[in-house]
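Trainee: Take this sequence and fold it.
(one chain, ligands or ions: 1)
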Amino acid sequence: MWTNKRDWDHHSSKSLILTFDDGPSSVLVPILDILKKHEVKAMFFWQSRLLHKHRPWKRLLDDDHLIGGHSLRHRDLTRLSHEEQLHDITSNKRHIEQLTGQQMKYFRPPYGQFNEDTLEVLKMLGVTPFLWEVAGLDWEHKESPVHIVHNILNYAEDGSVILLHELKQTVTILDELITDLKAEGYSFELPPL
Ligand SMILES: [Zn+2]
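Mentor: Numbering: from 1, shown residues only. Down below sits the predicted model:
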C-alpha cells in the first residue's frame with residue numbers, strides 16, 4: 001500500500017508525487033505541456049472506458065510519466081464481489097498493458113475505496129495499491145480554481161502524494177501550483193518502475 005512519505009524512500013529532502021486521476025481526458029495535452037515546461041514527471045491513473053486509442057498515451061510515455069490503473073468504469077469496488085473485482089482490475093490492467101506495451105504496476109481504487117478482496121486481487125496480479133495523502137479537491141473548485149493551489153500548499157509536506165484530476169480547472173492552476181511548490185523547495189519524483 002502506497003499512501004505517503006512512510007512508504008517511499010525518496011531522494012530529496014522535500015519530495016512530492018503528483019498524480020492525476022480519471023483520464024485520459026480531453027485536457028491531457030495541456031497537462032503534459034505544463035509538466036514538460038517544468039520538467040516534472042507525474043502519475044496518471046486511467047479508467048478503461050476512457051482509453052480511446054487516439055488519446056496521446058505515447059507522448060505520456062515519451063515524456064517519462066507513469067500510467068496506473070483506475071478500474072473499468074469507476075465503480076466503488078467495495079460494492080462488487082471478489083469475482084467482479086477480479087474481472088474489473090484484471091481487465092483494466094490488460095487494457096492499459098495492451099495499449100502501452102508496459103506492465104501496469106500501480107492501481108488506485110476509485111474513491112479510494114477498497115476491501116480485503118481488492119488487496120488480495122492486486123497482490124495476486126503483482127500490482128501495488130496507490131492512494132494519496134493530499135487531495136487538491138480540484139473537482140470541487142471549478143468556479144474558483146485558486147482554492148486548489150491553496151489546499152495543496154497548506155497540506156503538502158515532504159513525501160506527500162498529491163491527488164489531482166484531468167480537469168479543465170486543474171489545467172488553469174497547474175502552472176502556478178508547480179511554480180509555487182518549487183518556490184517552497186519541493187521537487188517531484190516517481191515511484192520505482
Ligand atoms: Zn477517480
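Trainee: Quick one: distance of the helix or strand of the chain with the lowest mean pLDDT to the chain centre.
Mentor: Ranked by mean pLDDT, DSSP states H and E, the weakest helix or strand in the chain is strand 134-135, scoring a mean of 89. Put simply, strand 134-135 sits 11 Å off its chain's centre (CA atoms, centre = their mean, to the nearest Å).
Trainee: ok, then the element right after the strand ranked longest in the chain?
Mentor: Longest strand of the chain, by residue count under DSSP state E: strand 15-23. Per DSSP states H and E, the first helix or strand lying C-terminal to strand 15-23 is helix 28-38.
Trainee: Give me the contact list for the least confident helix or strand of the chain.
Mentor: Outside strand 134-135, the residues that touch it by CB atoms under 8 Å, 6 or more residues apart in numbering are 151-152, 155-156, 160-163. (Glycine included, C-beta is placed from N, CA and C.)
Trainee: Would you mind naming what in the protein lies close to the ion?
Mentor: 21-22, 110 (CB under 5 Å from the ion).
Trainee: go again using 6 Å as the cut-off
Mentor: 21-22, 70, 74, 110 (CB under 6 Å from the ion).
Trainee: buried stuff in stretch 148-162?
Mentor: 148-152, 156, 159-162 (16 or more other CB atoms under 10 Å).
Trainee: what mean pLDDT does that stretch have?
Mentor: The pLDDT scores in stretch 148-162 average 92.
Trainee: repeat for stretch 39-49
Mentor: 97.
Trainee: Which parts of that stretch count as buried, going by neighbours?
Mentor: For stretch 39-49, by 16+ other CB under 10 Å, it's 40, 42-48.
Trainee: Turn those into CSV, columns for secondary structure.
Mentor: Shown next, in CSV, are the buried residues of stretch 39-49 (DSSP: H, G, I helix; E, B strand; the rest coil):
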residue, secondary structure
V40, coil
A42, coil
M43, strand
F44, strand
F45, strand
W46, strand
Q47, coil
S48, helix
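Trainee: And those residues, which is closest to K105?
Mentor: For the buried residues of stretch 39-49, the minimum distance to K105 (CB to CB) is 10.2 Å, reached by M43.
Trainee: Check whether that closest one really touches F20, as I assumed.
Mentor: Yes. Look at M43 against F20 with CB atoms under 8 Å: they come within range, at 7.2 Å.
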